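Show me how the following folds:
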Amino acid sequence: MSFFSARKALLAGMLLFVAGCADNEPQTFAPLDYSYLPKIHLNVGDLKIQDAIKPDSVPGNIAGESPVPPVDALHLMAEQRLLPSGSDGTAIFSIDRASILHHAGGELAGDMNVHIDILSPTGQKLGVAEAHVSREFTPGSGAGNSDSPANLYKLTKLMMQDMNVELEFQIRKNLSDWLADAGGAAATDAIKSQSLSSSNNNAKPSTAADAPDAIFPAGTETTPAQQDPGSKLKTGFLKLPSSTGSSL
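Next up is the predicted model:
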C-alpha cells in the first residue's frame, strides 16, 4: 500500500470514529408499557380497538419514524387499560389522529385524538368520550437532530403520559354510567345495593360521591389541569406548554 493510500485509509477511519462519537443516541429503545396503571372496567361484553386515521390526512407527519409509533402506543394503552367487564354491548376505541410534525426551528409538534363509543347489542350508540392531547417539544442542545429517533421516542412517551391522564378523566366524566367494578357489577348497581341494605333509616342515600370510584378507587381525583398548573384544559382537550430538552 502506498503512503498516500495508507494516509487516506487512516483519515477515513478517523472520520468514522468521530461520527460514531458524535452519535450518542441509543441503538435500542425500551418497549412502552401501561399495564401498571389502574384498569378501567367498562360495563360491556366486548372491546374493539381500531385505527380510524385516514391515510395522508396530516401532510408532513413523521410519527411513523418514531421507534414506537404513537398509533402503536395508543393501541397498546387501550389493550392494557380498558377491560370489558359486563355481559353485553360493545366499546369501540378509535384512534383518530397520532401525528408528529417537524416545524421550523427544530420544534416537534405532536397531536393525539381518540374516542370511545359505547354501543348496545343492537348497535345503538349509548355514549361517547373523546380525548385530545397536544404537546410541543424542542430538543435541547446536544440532543442531535430534532427529528432523530431518540427525540421522536421521547415526544411519544410525553404524549402518552398526557393521554393516559386525559383519557381516564374523560371516561369518568362522560361514561360514568358504563363503568363497572372488577367483578363486572355496574357502579350504579353497587350504589343502589348499598342504599337498600342500610340499617339506619335516618341516613341519607348513598351517592356516587360516597361510593368507591371505578377509576380513582382511592377517591383522589386529579384533573389534568391540576396535575400541571401551566396546562390549559378545555372540554376533551389537553394542550401542554412547550417542553425544551425535557428529561423522562
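
Now the longest helix seen in the chain: buried residues?
Ranked by number of residues, the top helix in the chain under DSSP state H is helix 149-174. Across helix 149-174, burial judged by 16 or more other Cβ atoms under 10 Å covers 149-172, 174. (C-beta placed from N, C-alpha, C; glycine too.)

From the contact counts, what lies against it?
Applying 3 or more Cβ pairs under 8 Å, 6 or more residues apart in numbering; DSSP states H and E, we find helix 149-174 packed against helix 70-81, strand 90-102, strand 108-119, strand 125-138, helix 224-227, strand 237-239.

And the ones you listed: which comes nearest residue 60?
Shortest distance between residue 60 and those, using Cβ to Cβ, is found for strand 90-102: 5.4 Å.

just checking, what packs against that closest one?
strand 46-51, helix 70-81, strand 82-84, strand 108-119, helix 149-174.

looking only at pLDDT, what's the mean for the first one?
So that's strand 46-51. Strand 46-51 shows a mean pLDDT of 98.

helices and strands around it, which ones?
Using 3+ Cβ pairs under 8 Å, 6+ apart, strand 46-51 is in contact with helix 70-81, strand 82-84, strand 90-102.

What is the first one packed up against?
In terms of contact count using 3+ Cβ pairs under 8 Å, 6+ apart, helix 70-81 is assigned the packing partners strand 46-51, strand 90-102, strand 108-119, helix 149-174.

picking that back up, so which of the helices and strands packed on strand 90-102 gets nearest residue 35?
helix 70-81 (4.7 Å).

Export only the CA atoms of the closest one, formatted as CSV.
Extracted in CSV, the C-alpha atoms of helix 70-81 (Å, rounded to 0.1, in the frame of the first residue of the first chain):
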residue,chain,number,x,y,z
PRO,A,70,-47.7,6.9,18.5
VAL,A,71,-50.6,4.9,16.9
ASP,A,72,-49.0,1.6,18.3
ALA,A,73,-48.6,3.2,21.7
LEU,A,74,-52.3,4.2,21.8
HIS,A,75,-53.3,0.7,20.7
LEU,A,76,-51.2,-0.8,23.5
MET,A,77,-52.7,1.6,26.1
ALA,A,78,-56.2,0.6,25.1
GLU,A,79,-55.3,-3.1,25.3
GLN,A,80,-53.7,-2.8,28.7
ARG,A,81,-56.1,-0.4,30.4
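
which residues sit against it?
Among residues not part of helix 70-81, those counted as contacts by Cβ atoms under 8 Å, 6 or more residues apart in numbering are 32-35, 37-40, 47, 49, 51, 53, 63, 93, 95, 98-100, 110, 112, 114, 156, 159-160, 163-164, 167.

Buried by neighbour count: which residues of that helix qualify?
Neighbour counts over helix 70-81 (16+ other Cβ under 10 Å) mark 70, 71, 72, 73, 74, 75, 76, 77, 78, 81 as buried.
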